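Chemist: model this:
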Amino acid sequence: MHGDLAKGGAIRPSPLEAVRPPVQKKPTCCRLDLSESRYDPSPPALPYPWGRSACGAFNHQTGGSMRHVFMVLFVVCMLPGCVSTKTVKADVPALQAGGHQTVTVTRREAPSFSAMTAGKATFGLIGAAAMISAGNTIVRENQVEDPAIAIANGLGEALAGQLSVPVKLANGTLDASDAAGIRKQYPDGGLVLDVQTVNWSFVYFPTDWNNYRVIYSVKMRLVDTRSGKLLAEGFCARVPENTDDAPSYDQLVDNGAEGLKQRLKQSGEQCQQELKTQVLGLS
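Modeler: Numbers count the residues shown, from 1 in each chain. Okay, here's the model as predicted:
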């Protein structure tokens, strides 16, 4: 059996999950450049370590099995983790002269959280379902908050302060996928700031199955509900490298998943600052 039952019903990886697979030839697999949020189904060519390129560690270490590479690609690509977002920077002087009356901050349902261990990756698509189930259980039982909430609040307050207008929280949850839908749902929202978590998950390193990275990505949009125009849009992703302080599974989920919460908070704060300066154009 892969993993032992831990407190809260979570499955802990067993020592068997830390056994390295046999070395195989380098595969042709997709290239992921998370900095530009693109999916490129071409042979791996970028000299990035694992994280910037999903095939990177396999290319340079040749230590992962094809099944495990496939499962990582599945988690990153098949979950809402690969989006196409062209950065549209806000025109701050135009916003200040626009006579906007309020900034409305939306809320969305958080996407599923994937907790990827080597043992689950062994079981293909069935394992992928188990990853999502385990991840959602960790989030639910430990009250892990979607970082998009804090990001949206911080950006909303900063923008409202810049424009000297009030900020309010939208009623209900937003499910629209474009500016027209946002305008329809909140016709009197003024400037609507929509911040949406795209992917949150943790995954073992392919050359270090005992330690994990916490991945987070988020998308932000600013819509003028008077005209229905998209005024700003941006994307931010955090995919940590394998460093000496990379956490183990236990360090992430023990003590009410405090380790996971801290790493998500850090990524959220970094993305908030990045979106504030590079997309909203605020100091």
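Chemist: For the rest of this, base every contact and every neighbour count on C-alpha atoms.
Modeler: Will do.
Chemist: buried residues in the longest helix along the chain?
Modeler: Looking across the chain with DSSP state H, the single longest helix is helix 249-278. Neighbour-count burial for helix 249-278 flags 249-250, 252-253, 256-257, 259-261, 263-265, 267-276 (criterion: 16 or more other Cα atoms under 10 Å).
Chemist: again, but for stretch 93-103
Modeler: Neighbour count says stretch 93-103 has 95, 100-103 buried, by 16+ other Cα under 10 Å.
Chemist: helices or strands next to the biggest strand by length in the chain in the packing?
Modeler: What stands out as the longest strand in the chain, according to DSSP state E, is strand 208-224. Judged by 3 or more Cα pairs under 8 Å, 6 or more residues apart in numbering; DSSP states H and E, the packing partners of strand 208-224 are helix 179-185, strand 191-205, strand 229-238, helix 249-278.
Chemist: One more pass at 6 Å, please.
Modeler: Judged by 3 or more Cα pairs under 6 Å, 6 or more residues apart in numbering; DSSP states H and E, the packing partners of strand 208-224 are strand 191-205, strand 229-238.
Chemist: So for the first one, mean pLDDT?
Modeler: Read that as strand 191-205. Here strand 191-205 scores 96 as its mean pLDDT.
Chemist: Parallel or antiparallel, which strands does it pair with?
Modeler: Partners of strand 191-205 in the sheet, by DSSP bridges, are strand 103-105 (parallel), strand 114-116 (parallel), strand 208-224 (antiparallel).
Chemist: quick check: angle from that strand to helix 249-278?
Modeler: 140 degrees (axes from the mean of the first three to the mean of the last three Cα atoms, to 10 degrees).
Chemist: Could you single out the most deeply buried of the helices and strands packed on strand 208-224?
Modeler: A comparison of the helices and strands packed on strand 208-224 by mean neighbour count, using mean count of other Cα atoms under 10 Å, puts strand 191-205 on top with a mean of 25.
Chemist: Could you list the alpha-carbon positions for it in CSV?
Modeler: Presented in CSV, the C-alpha positions along strand 191-205 are these (Å, rounded to 0.1, in the frame of the first residue of the first chain):
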residue,chain,number,x,y,z
LEU,A,191,-14.3,49.2,-11.5
VAL,A,192,-14.4,45.5,-10.9
LEU,A,193,-11.2,43.8,-9.7
ASP,A,194,-11.2,40.1,-10.4
VAL,A,195,-8.4,38.0,-8.8
GLN,A,196,-8.6,34.3,-9.5
THR,A,197,-6.3,31.4,-8.3
VAL,A,198,-5.3,29.4,-11.4
ASN,A,199,-3.3,26.6,-9.8
TRP,A,200,-2.3,25.8,-6.2
SER,A,201,-0.7,22.5,-5.5
PHE,A,202,2.4,20.8,-4.1
VAL,A,203,4.5,18.3,-5.9
TYR,A,204,7.7,16.3,-5.1
PHE,A,205,10.9,17.1,-6.9
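Chemist: Measure how that strand sits relative to strand 229-238, angle-wise.
Modeler: Inter-element angle recorded for strand 191-205 and strand 229-238: 20 degrees (by the same axes, to 10 degrees).
Chemist: which outside residues touch strand 191-205?
Modeler: Residues outside strand 191-205 that contact it (Cα atoms under 6 Å, 6 or more residues apart in numbering): 80-81, 103-106, 113-116, 148, 152, 211-224.
Chemist: which sections of the stretch 101-250 of the chain are below the confidence cut-off?
Modeler: For the stretch 101-250 of the chain, the stretches flagged by pLDDT under 70 are 120-127.
Chemist: For the residue lying closest to Ser267 once chain neighbours are set aside, name its beta-bridge partners.
Modeler: Among residues not flanking Ser267 along the chain, Arg238 sits closest, at 6.2 Å (Cα to Cα, 6 or more residues apart in numbering). According to DSSP bridges, the partner residues bridging Arg238 are Tyr216.
Chemist: Same check on Met116?
Modeler: With DSSP bridges as the rule, Met116 is bridged to Val203.
Chemist: Thought Ala130 was touching it, still the case?
Modeler: No: contact criterion Cα atoms under 6 Å: Met116 and Ala130 do not qualify, at 8.7 Å.
Chemist: The two: which has the busier surroundings?
Modeler: Counted by other Cα atoms under 10 Å, Met116 and Ala130 do not tie: Met116 has more neighbours, with 24 against 20.
Chemist: ok, so what distance separates that one from Val218?
Modeler: For Met116, the distance to Val218 equals 20 Å [Cα to Cα, to the nearest Å].
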